[in-house]
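Engineer: below are the sequence and a predicted model for it; my questions follow.
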Amino acid sequence: MRAKKLCALLLALSMMILLCSCWEEDESDEFWNETLPSEQENEIVETRISSFSLPYLQNQTLDPVTCIDGIQQTIGALLYEGLFALDESFLPQKVLCSNYTYDTQKRTYTFYVRDDATFSDGSPLSASDVLAVYRRAAASERYGTRFDNVSSMILSGKALVVTLKQENSAFPALLDIPIVKEGSEKDLVPLGTGPYLFLTDTGSMCLIKNTDWWRAADFPIERIALVSARDNGTASYLISSYDVHLLVSDLTGTVTTGNVGEVDVFDADSTAMLYLGFNTRRPPLSESSVRRAMSSSINRDAIVSALLSGHARAAQFPISPAAALYPSGLSASGTDYVQSLSDAGISSKHPKTLTLLVNRESSFKLSVAEALCRQLSTDALSITLRALPWEDYLLALQVGNFDLFLGETKLTADWNAAPLISSAGVLNYGGYVDDEADRLLGAFLANETQNTAQAYFQHFEQNAPIAPIAFKAVSTQISAGLVENACPTAANPFYNLNQWTLHLEQ
């Protein structure tokens, strides 16, 4: 752009010389000493931020069980709290729960709510409020799978008693579900116990720090303006234009929403797993040695850095590397892929072709699937891509019409992979059946320790019912230079808000 403008100026000067037939030396010096217009236009104008704003879907509910994913959940993180909150390692930390007990014989949890916790209207929190939310959550699409192992939920005095069908020592990790006051769930803004209040101020909406919040904490933001957005997509423009200053999004396979230098990106580990699925009913994928060799041949780090834009963590097991029990000492490295294929009867003399199924509506998944085809193809084995629209892709999985497929699922924070690898699992499209795997997974869930994790994951590595590739990150974008010390989690971008240092213009 600058070069074009300079050429235009020189052309104009040449015309002036021809027309005037003369050129004064001092005039020439004055001209070239001036600042060119292109330099003025390219000056960087510092954007000054004097307030903190979030996007908001006006006239849409903020009820944490039924609200739209994305923007409303971000606001809800400041209005609502759960019995527990998951830390950066997915370990449950007590919030509205004062204490709990677990009877392993009866598979019964008893949760006691805090006596000092109150809603924003000053009314006390009760176990009945928690039960009302959990009953709605159990019937919801967002949280329903967390209650698959629950046989009953009842009140016992001031406590909530939850009985499970099978033992699960990590069940509290599933209870970071935000709690609202019973009876207020139909309001656009249900009552919560969080640190901020939702207010309408002279026609505009905002969040104001609750000075009567039951937990004493010094937060750096007194008032947060809410800027109306049409949908989650338009919020991307709002942060680029500095109309809002924080946005939570999935940046997997993309660049940041704003231009370079406009936003700081803070990634939080999530439970969303990208994986390669096998049809274990078809040879050679019916051979565990072949599946294991394929898994060990995947260059996960390259996929994460080149195709997922670094917004993920490479993983070989169905548990996030951020979790304390991730078996970092186990590895399938050293497995001879070519030899494993040869043992299964696949060689240059007896070549074979397999197809890898992928949903074509996701560009980043298409790129990952193409990379897998390249990485797993040999002189003897060709992996070809079969890209289908979502409905056709899902149907092909359900009827078993595939060899390999690229899948994504959101695990629960107790790392229960039963839906994927159990013989009765609803996501076990590959038909994997292994009684020992079921037993070891059950033992792991019943008592999640280093010993049970080691036994379970070692069996998983040897048999490779699926091949995990990576766990995606949830990205919090904040206007560049505005916040220091942000440490978001997947569920709460304001996880350590009391430790933020905020740089606002006075």
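Structural biologist: Happy to help now that I have it.
Engineer: CA atoms for contacts and neighbours, from now on please.
Structural biologist: Fine.
Engineer: helix, strand or coil for I208?
Structural biologist: Of the three states, I208 takes strand under DSSP: H, G, I helix; E, B strand; the rest coil.
Engineer: count the neighbours of it for me.
Structural biologist: If you count neighbours by other C-alpha atoms under 10 Å, I208 ends up with 17.
Engineer: who are the neighbours in contact with it?
Structural biologist: Neighbouring residues of I208 by C-alpha atoms under 8 Å, 6 or more residues apart in numbering: 196-199, 222-224.
Engineer: among those residues, who's most crowded?
Structural biologist: When neighbours are counted by other C-alpha under 10 Å, Y196 leads the contacts of I208 with 26 neighbours.
Engineer: re earlier: quick one: which of the contacts of I208 is nearest to S377?
Structural biologist: For the contacts of I208, the closest approach to S377 (C-alpha to C-alpha) belongs to I224, at 53.1 Å.
Engineer: what about the residue nearest to K94 when sequence neighbours are not counted, distance to T104?
Structural biologist: Spatial nearest neighbour of K94, chain neighbours left out: F84 (4.6 Å); criterion: C-alpha to C-alpha, 6 or more residues apart in numbering. To T104, F84 is 20 Å away according to C-alpha to C-alpha, to the nearest Å.
Engineer: before we move on, what about T378?
Structural biologist: 50 Å.
Engineer: reformat the contacts of I208 into a markdown table and put pLDDT, distance to C206 and secondary structure next to each item.
Structural biologist: Shown next, in a markdown table, are the contacts of I208 (pLDDT from 0 to 100; distance: C-alpha to C-alpha, whole Å; DSSP: H, G, I helix; E, B strand; the rest coil):
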| residue | pLDDT | distance to C206 | secondary structure |
| --- | --- | --- | --- |
| Y196 | 96 | 10 | strand |
| L197 | 96 | 8 | strand |
| F198 | 97 | 6 | strand |
| L199 | 94 | 5 | strand |
| E222 | 93 | 10 | coil |
| R223 | 94 | 7 | strand |
| I224 | 96 | 6 | strand |
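Engineer: now do the buried residues in stretch 56-76.
Structural biologist: Using 16 or more other C-alpha atoms under 10 Å as the burial criterion, the residues of stretch 56-76 that qualify are 56-58, 61-68, 70-76.
Engineer: what's the answer for stretch 294-312, then?
Structural biologist: Within stretch 294-312, the residues that count as buried by 16+ other C-alpha under 10 Å are 294-298, 300-301, 303-304, 307-312.
Engineer: nearest to L175, of the residues you listed?
Structural biologist: For these, the nearest to L175 is A312 (24.4 Å; C-alpha to C-alpha).
Engineer: check contacts around the closest residue to the closest one other than its chain neighbours.
Structural biologist: Among residues not flanking A312 along the chain, K472 sits closest, at 4.1 Å (C-alpha to C-alpha, 6+ apart). Listed by C-alpha under 8 Å, 6+ apart, the contact partners of K472 are 252, 269-274, 311-313.
Engineer: name the residues that touch stretch 351-362?
Structural biologist: Under C-alpha under 8 Å, 6+ apart, the answer for stretch 351-362 is 346, 365-366, 369, 373, 379-390, 393, 402-407.
Engineer: narrow those to just the buried residues.
Structural biologist: Buried members of the contacts of stretch 351-362, counted by 16+ other C-alpha under 10 Å: 346, 365-366, 369, 373, 380-387, 393, 402-407.
Engineer: among these, which are in helices?
Structural biologist: Taking DSSP state H, the ones among the buried ones among the contacts of stretch 351-362 that sit in helices are 365-366, 369, 373, 393.
Engineer: direction included, what does the longest strand along the chain pair against?
Structural biologist: In the chain, assigned by DSSP state E, the strand with the most residues is strand 263-278. Counting by DSSP bridges, the strands paired with strand 263-278 are strand 404-410 (antiparallel), strand 466-479 (antiparallel).
Engineer: which other helices and strands does the helix or strand just after that strand contact?
Structural biologist: Using DSSP states H and E, the helix or strand that follows strand 263-278 towards the C-terminus is helix 288-297. Applying 3 or more C-alpha pairs under 8 Å, 6 or more residues apart in numbering; DSSP states H and E, one finds that helix 288-297 contacts helix 337-343, helix 363-376, helix 450-463, strand 466-479.
Engineer: single out the most deeply packed of the ones you listed.
Structural biologist: Most buried of the helices and strands packed on helix 288-297, by mean neighbour count (mean count of other C-alpha atoms under 10 Å): strand 466-479, with a mean of 26.
Engineer: quick check: mean pLDDT across that strand?
Structural biologist: Taken as a whole, strand 466-479 has a mean pLDDT of 97.
Engineer: hang on, L285 packs against R292?
Structural biologist: No: between L285 and R292 there is no contact under C-alpha atoms under 8 Å: 9.6 Å.
Engineer: give me the more crowded residue out of the two.
Structural biologist: In this view L285 and R292 are compared by other C-alpha under 10 Å, and R292 has more residues nearby, 25 against 22.
Engineer: correct me, but the more buried one touches H459?
Structural biologist: No: look at R292 against H459 with C-alpha under 8 Å: they stay out of range, at 11.1 Å.
Engineer: pLDDT score for the nearest residue in space to C67 that is not next to it in sequence?
Structural biologist: The shortest distance from C67 to any residue other than its chain neighbours is 5.5 Å, reached at T61 (C-alpha to C-alpha, 6+ apart). At T61, the pLDDT value in this model is 97.
Engineer: from now on call the first residue 35
Structural biologist: Yes, from this point I'll number from 35; that puts the last item at T95.
Engineer: mind listing what T95 touches?
Structural biologist: Shown in contact with T95 (C-alpha under 8 Å, 6+ apart): 101-102, 106, 221-223.
Engineer: so where does it fall, helix or strand?
Structural biologist: In the assignment (DSSP H and E), T95 maps to no helix and no strand.
Engineer: that one and E539, how far apart?
Structural biologist: Distance, T95 to E539, using C-alpha to C-alpha: 32 Å.
Engineer: same question for L285.
Structural biologist: Taken as C-alpha to C-alpha, the span from L285 to E539 is 29 Å.
Engineer: and these two? Which one has more around it.
Structural biologist: The residue with more neighbours, out of L285 and E539, is L285; 22 against 10, by other C-alpha under 10 Å.
Engineer: can you pull up the bridge partners for S87?
Structural biologist: According to DSSP bridges, beta-bridge pairing links S87 with A259.
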